[in-house]
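[1] from the sequence below, what's the structure:
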Amino acid sequence: MTEKTLSSEFNKSRSAFVFIEFQAEWLAEDGLLFQRLVQDKDAFLSAVSQAALLLTAARRNACTIAHAGLDLRDDPTYRLFGGGQNVLGLRAAIPRAGTWTGPGAAFVPPFIPMQGEFIVHGRSGASVLKNSTLDAFLRNNRIDTLFLTGFATHVCVESTLRDAHDSGINVFVVKDACAAFTRAQDEHFHQHILHHFGAGIDVATLLKMLEA
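    Below is the predicted model of the structure:
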């Protein structure tokens with residue numbers, strides 16, 4: 001879809017901007033995930049800056065904004081993931097790392113939710129739609145188009161993209177407002193994965209659309 005076509009079809013009332021995991025685990029200088037996983041830190045920090053620009057514009061234009069974090073502070077023993085025992089993938093890795101149950105689960109400025117912005121709860125998987133309140137929120141507000149930002153591109157953003165696509169939702173990944181651990185991971189996603197399930201867009205294009 002071209003920029004011109006998207007601009008003509010953009011319906012603010014049917015669209016939502018989803019900010020995935022803009023929390024201290026990723027964004028704080030001493031954040032565990034930022035320190036342990038992010039290798040290309042300049043690219044990662046650039047994505048944070050671009051996402052902040054988009055959030056400011058979305059707020060100024062009264063767009064629908066959803067903050068999709070992961071917060072297990074009420075589940076310190078990771079019962080949601082079976083305590084990390086006899087499981088694979090993130091269900092094992094998250095309890096092993098000890099993330100999302102302390103200060104790292106807090107949203108950080110300027111991504112702290114404001115009044116009227118939706119905070120996703122109940123998420124149980126890499127996709128922010130999995131068992132969460134976001135699915136009902138989208139359906140009940142007749143939202144059929146998502147703009148995804150956040151972390152990490154090849155994990156939670158990709159999982160959400162696939163999940164939303166299979167649910168009949170149109171998805172745009174905001175390319176310069178997402179980041180993986182390395183540039184190579186980002187490039188692989190954009191070259192080989194994204195077009196199967198959605199489309200890419202950049203912050204500059206979205207800002208033009210919002211301010212038109």
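[2] buried stuff in the top helix by length along the chain?
    Criterion DSSP state H: the longest helix present in the chain is helix 41-60. If you call a residue buried by 16 or more other Cβ atoms under 10 Å, then helix 41-60 has these buried ones: 43-44, 47-48, 50-55, 57-58. C-beta coordinates here come from the backbone N, C-alpha and C atoms, glycine included.
[3] now for that helix, which elements pack on it?
    Packed against helix 41-60 by the contact rule (3 or more Cβ pairs under 8 Å, 6 or more residues apart in numbering; DSSP states H and E) you find strand 15-20, strand 64-68, strand 145-151, strand 170-179, helix 203-211.
[4] shaky segments in the protein?
    1-9 (pLDDT under 70).
[5] tell me the contacts of the residue lying closest to V108 once chain neighbours are set aside?
    In space, not counting the residues next to it along the chain, V108 is nearest to L27; the distance is 4.8 Å by Cβ to Cβ, 6 or more residues apart in numbering. If a contact means Cβ atoms under 8 Å, 6 or more residues apart in numbering, then L27 has 34, 48, 108, 111 as its contacts.
[6] helix or strand: which one has the last one?
    Assigned by DSSP states H and E, F111 belongs to neither a helix nor a strand.
[7] show the contacting residues for the most far-flung residue of the chain relative to its centre.
    Relative to the mean C-alpha coordinate of the chain, counting by Cα atoms, centre = their mean, the farthest residue is N86 (27.8 Å). Residues counted as contacts of N86 (Cβ under 8 Å, 6+ apart): none.
[8] with the one 4 residues further on instead?
    Residues counted as contacts of L90 (Cβ under 8 Å, 6+ apart) are 81, 125-126, 155.
[9] can you lay out those as TSV showing neighbour count, distance to R96 and secondary structure?
    As requested, these are exported to TSV (neighbours: other Cβ atoms under 10 Å; distance: Cβ to Cβ, whole Å; DSSP: H, G, I helix; E, B strand; the rest coil):
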residue	neighbour count	distance to R96	secondary structure
F81	20	10	helix
G125	19	17	coil
A126	19	16	coil
V155	20	16	helix
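[10] so which of the helices and strands packed on helix 41-60 is the most surrounded?
    Of all those, strand 145-151 carries the top mean neighbour count, a mean of 26, counting by mean count of other Cβ atoms under 10 Å.
[11] same for that strand, what does it pack against?
    When contacts are defined as 3+ Cβ pairs under 8 Å, 6+ apart, strand 145-151 sits against strand 15-20, helix 41-60, helix 158-166, strand 170-179.
[12] sheet partners, orientation included, of it?
    As defined by DSSP bridges, the strand partners of strand 145-151 come to strand 15-20 (parallel), strand 170-179 (parallel).
[13] okay, those in JSON lines with distance to A62 next?
    Formatted as JSON lines, the strands paired with strand 145-151 follow (distance: least, Cβ to Cβ, whole Å):
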{"stretch": "strand 15-20", "distance to A62": "11"}
{"stretch": "strand 170-179", "distance to A62": "19"}
